[in-house]
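Undergrad: generate coordinates for the sequence data below:
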Amino acid sequence: MADTNQPPIIVIKKVKKGGHGHHGGAWKVAYADFVTAMMAFFLLLWLLGSTTDEQKLGISDYFSPEAVSIGQSGAGGLFGGTSLAVEGALTSAGGASVGAVSIPLPPSEPQTAEDDGEDGEDGDGGIEDASREALEEQLAEREQEQFEAAESALRQAILELPELVDLQESLVIDQTPEGLRIQLVDQEGVSMFASGSAKPNEHTRRLIAMIAKVVTQLPNKISVSGHTDSVPFRSASGYSNWELSADRANAARRLLLESGLDTDRIAGVQGLAATDPLLPDDPTSPRNRRVSIVLLRESKHFTEPEVGPLPPSYGE
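TA: Just a heads-up that it's a prediction; the model follows:
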């Protein structure tokens with residue numbers, strides 16, 4: 001008779017499983033990818049630390065667009081068929097109708113060795129100076145191309161606006177050592193402002209709105225100056241050509257801002273009265289009454305003009 005008091009026998013069976021199979025080395029692939037990525041990252045850091053600012057700027061400039069093109073759409077002109085006579089076009093800051101002119105922005109000026117506190121150590125000063133000179137020349141050439149494109153766009157725009165065609169002689173555009181100068185000049189019988197006043201006429205507003213559509217697409221700072229002829233002007237309160245020219249320059253500045261120009265683009269506003277006539281041989285000519293809007297150069301490659309004696313001051 002079996003002994004029922006004995007405990008049951010427990011049998012433990014151990015089963016040995018096979019290897020990890022085909023996925024057993026997957027971690028090695030992931031680890032190799034990680035090591036490769038880290039090597040590329042540290043290689044990038046090393047390259048960034050071993051290149052100069054001029055070399056970085058040159059690499060950046062290599063990938064920048066070089067072409068300056070004037071798009072053709074609508075009527076084939078600057079505003080894509082949109083006339084400034086359309087209500088709201090004069091003060092539109094959104095730029096919806098602007099964009100027919102494509103002007104690439106120049107890169108910032110290269111940082112010099114003096115700015116970095118370096119003075120051409122290790123005998124590389126001459127090479128760095130030559131590279132900097134070449135880069136500045138390239139920037140100057142690009143800026144020149146932008147100015148030429150802006151000038152062409154303005155001349156084309158005024159031809160396509162019937163209400164402004166008769167004012168072609170009032171729009172004088174030239175390039176000076178200071179920059180691209182755009183002048184609104186009085187003609188015989190056609191004035192930009194009311195006589196003895198800083199209130200702009202309607203065609204003046206349209207001209208400045210047209211100018212703003214072009215200059216807002218360039219990064220250059222802008223200076224505005226007012227000029228009068230040599231005819232003395234003094235009111236009972238002492239208001240003279242000096243105050244008049246300054247007020248007209250400020251009126252032009254306000255119109256530029258109303259047309260979408262950023263406030264920080266304004267570098268200076270001044271009234272010069274009759275001290276800088278457009279026609280020095282005819283100081284009383286109405287063409288000496290004008291407002292000058294100058295896109296200031298960012299590059300330094302230009303020849304300083306010879307400064308002669310100023311003509312006598314008027315209106316004081």
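
Undergrad: for the stretch 201-316 of the chain, just list every one of the strands.
TA: For the stretch 201-316 of the chain, the strands identified by DSSP state E, counting those that start in this stretch occupy 222-227, 266-271, 290-296, in order along the chain.

Undergrad: give the partner strands of the last one in its sheet and their orientations.
TA: What it means is strand 290-296. In the sheet containing strand 290-296, its partner strands are strand 179-185 (antiparallel), strand 222-227 (antiparallel), by DSSP bridges.

Undergrad: average pLDDT across stretch 46-57?
TA: Model confidence over stretch 46-57, given as mean pLDDT, is 78.

Undergrad: isn't Met192 up against Asp186?
TA: Yes: the pair formed by Met192 and Asp186 meets the contact definition of Cβ atoms under 8 Å, at 5.8 Å. Bear in mind the C-beta positions are built from the backbone N, C-alpha and C, glycine included.

Undergrad: which one of these two has more residues nearby?
TA: Using other Cβ atoms under 10 Å as the criterion, Met192 and Asp186 rank with Met192 on top: 25 against 22.

Undergrad: list the contacts for the more buried one?
TA: 170, 184-186, 200-201, 203-204, 207, 248, 289-291 (Cβ atoms under 8 Å, 6 or more residues apart in numbering).

Undergrad: nearest spatial neighbour of it, chain-adjacent residues omitted?
TA: Leaving aside its chain neighbours, Met192 sits nearest to Thr204 (4.5 Å; criterion: Cβ to Cβ, 6 or more residues apart in numbering).

Undergrad: quick one: the one you found and Ala194 touch, right?
TA: No: checked against Cβ under 8 Å, the pair Thr204 and Ala194 is beyond contact range at 9.8 Å.

Undergrad: and those two? Which one has more around it.
TA: Taking Thr204 and Ala194 together and counting by other Cβ under 10 Å, Thr204 has the greater number of neighbours (22 against 11).

Undergrad: could you check how far that one is from Trp27?
TA: When Cβ to Cβ, to the nearest Å is the yardstick, Thr204 and Trp27 sit 75 Å from each other.

Undergrad: quick check: buried residues in the longest helix seen in the chain?
TA: Taking DSSP state H as the assignment, the helix of the chain that covers the most residues is helix 125-160. By neighbour count on 16 or more other Cβ atoms under 10 Å, the buried set for helix 125-160 is 128, 131-132, 135-136, 138-140, 142-147, 149-154, 156-158, 160.

Undergrad: Thr216 contacts Glu258, correct?
TA: No: counting by Cβ under 8 Å, Thr216 sits too far from Glu258 to count as a contact (11.9 Å).

Undergrad: low pLDDT regions in this structure?
TA: Of all residues in the chain, those with pLDDT under 70 make up the ranges 1-6, 13-24, 61-127, 300-316.

Undergrad: what ranges do the helices span in it?
TA: In the chain, helices defined by DSSP H lie at 26-50, 53-62, 113-116, 125-160, 202-215, 241-258, listed in chain order.

Undergrad: what comes into contact with the first one?
TA: Residues from elsewhere that reach helix 26-50, judged by Cβ under 8 Å, 6+ apart: Lys56.

Undergrad: tell me what angle it forms with helix 53-62.
TA: Between helix 26-50 and helix 53-62, the angle comes out at 110 degrees (axes from the mean of the first three to the mean of the last three Cα atoms, to 10 degrees).

Undergrad: does the nearest residue to Gln144 once chain neighbours are set aside have beta-bridge partners, and which?
TA: Closest residue to Gln144 in three dimensions, ignoring its sequence neighbours and counting by Cβ to Cβ, 6+ apart: Gln175, at 8.0 Å. Taking DSSP bridges as the rule, Gln175 bridges to Leu180.

Undergrad: residues in contact with Gln175?
TA: Here Gln175 is in contact with Gln144, Phe147, Glu151, Arg181 (criterion: Cβ under 8 Å, 6+ apart).

Undergrad: do I have it right that Leu171 meets Ile158?
TA: Yes: assessed by Cβ under 8 Å, Leu171 is found in contact with Ile158 at 5.8 Å.

Undergrad: shared neighbours, these two?
TA: Overlap between the neighbourhoods of Leu171 and Ile158 consists of Leu207, taking contacts as Cβ under 8 Å, 6+ apart.

Undergrad: before we move on, back to that, so can I have a markdown table of the helices of the chain showing distance to Thr284?
TA: A markdown table is the format used below for those (distance: least, Cβ to Cβ, whole Å):
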| stretch | distance to Thr284 |
| --- | --- |
| helix 26-50 | 63 |
| helix 53-62 | 50 |
| helix 113-116 | 49 |
| helix 125-160 | 27 |
| helix 202-215 | 21 |
| helix 241-258 | 12 |
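
Undergrad: for Ser235, which of those is the nearest?
TA: Between Ser235 and these, the shortest gap by Cβ to Cβ is with helix 241-258, which sits at 9.1 Å.

Undergrad: measure Glu141 to Trp27 for me?
TA: In terms of Cβ to Cβ, Glu141 sits 56 Å off from Trp27.
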